[in-house]
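Asks: Kindly return the folded structure for what I paste below:
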Amino acid sequence: MNKPTIAIPLGDPAGVGPEIIVKSLSKPDLYEICNPIVIGNDIIIKNALKICNEVTEIHLIDSPRKYQTNKINLINLNNIEFTQFGTVQATCGRAAYEYIETAVKLAIAGEVSAIATTPINKESLNAAKVNHIGHTEILAELTQTKDPLTMFEVRGMRVFFLSRHVSLRQACDLVTKERVLEYIIRCNKALSKLGISNSKLAIAGLNPHSGDSGLFGNEEIEQVEPAIKEAKQLGYNVVGPIGADSVFHQALQGHYDAVLSLYHDQGHIATKTLDFEKTIAITIGLPFLRTSVDHGTAFDIAGKGIASAVSMTEAIRLAAKYSNFN
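Replies: Numbering: from 1, shown residues only. Sure thing, here's the model as predicted:
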């Protein structure tokens, strides 16, 4: 059986990305399920190995076809020298962007099966004049994809998001019948792509107790319920709205295949409280599958060798798990 090849862009060199990569790729069991390829710089990886007291061999390659197992296979862009940890730097923002750009080119060319990303820093990107606030926006531009779909997975619970990085006021305004219906359809298609057929999707309520029949807001009555009704008429197995204080627990118990969260923090709080380190972001709708750690660059501990690699390892595992379905 051919193992999927997973591209891992290094992330911001001043953050914990290099450390969690070398820690993850020092685990032999990862090589049993995939062929991981790092896109980055040899000087940064060598330093990370030293910081983390890891001795895994680095194998420099210029193509995934030259992969060798049980080594850190590295496509060396040589685009930055050793840098100061834990600070915003334009050079790091630019380097991080170039790692992602290279990974995308490999994915589009079919040389890798999926991408597992490490943390980047919004301020460093801005200093480098990269006009995007995060991975999803960068990937959307590089692939000319309109509005990719984000899903979190943790302990088998899956959560989609109706909106991402907007204010809470804007998020409430985005809860319209048309958008909710669109996302019900998109979420079902995404689950099908991941190999989950005949899925059951729950819609979280926006207001406390889903508005209690209009006592605490009318969005459920005027926007969410009509969208669910129409989706059911179209043949989708969808339920709700269900109060956000219970719907995620019910999903964790296996009552639903996924939940549609109506705004960013609603779903983030539920998943990260359950298991912060194993909450993995999956981007669906790109020409390839992308998974990601769901934590930041952790500038406060970068360079100390103490960053946990659990999230990085889980991101690589899920990339391998779902890459054949995308």
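Asks: For the longest helix along the chain, which outside residues touch it?
Replies: Assignment by DSSP state H gives helix 90-108 as the longest helix of the chain. Helix 90-108 has contacts (Cβ atoms under 8 Å, 6 or more residues apart in numbering) with 7-14, 37, 39-41, 64, 75, 77, 79-80, 83, 112-115, 117, 120-121, 123-130, 135, 138-139, 142-143, 287-288. All C-beta spots, glycine's among them, are computed from the backbone N, C-alpha and C.
Asks: These, buried ones only, as a ChimeraX selection?
Replies: Listed next is the ChimeraX selection for buried residues among these, using 16 or more other Cβ atoms under 10 Å:
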select :7,8,9,10,11,12,13,14,37,39,40,41,64,75,77,79,80,83,112,113,114,115,117,120,121,123,124,125,127,128,130,135,138,139,142,143,288
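Asks: quick one on the thing from earlier: any idea which helix or strand comes after the longest helix of the chain?
Replies: Remark: after helix 90-108, the chain's next helix or strand is strand 114-117, criterion DSSP states H and E.
Asks: Check the offset of the helix or strand harbouring residue 186 from the chain's centre.
Replies: Taking DSSP H and E as the criterion, residue 186 maps to helix 177-193. In terms of Cα atoms, centre = their mean, to the nearest Å, the centre of helix 177-193 is set 18 Å apart from its chain centre.
Asks: Tell me which other helices or strands it touches.
Replies: strand 149-154, strand 157-161, strand 201-204, helix 225-233, strand 258-261 (3 or more Cβ pairs under 8 Å, 6 or more residues apart in numbering; DSSP states H and E).
Asks: what mean pLDDT would you report for it?
Replies: Mean per-residue pLDDT for helix 177-193: 94.
Asks: tally of neighbours for the residue lying closest to residue 33 once chain neighbours are set aside?
Replies: Spatial nearest neighbour of residue 33, chain neighbours left out: residue 320 (4.7 Å); criterion: Cβ to Cβ, 6 or more residues apart in numbering. As a burial measure, residue 320 scores 24 neighbours (other Cβ atoms under 10 Å).
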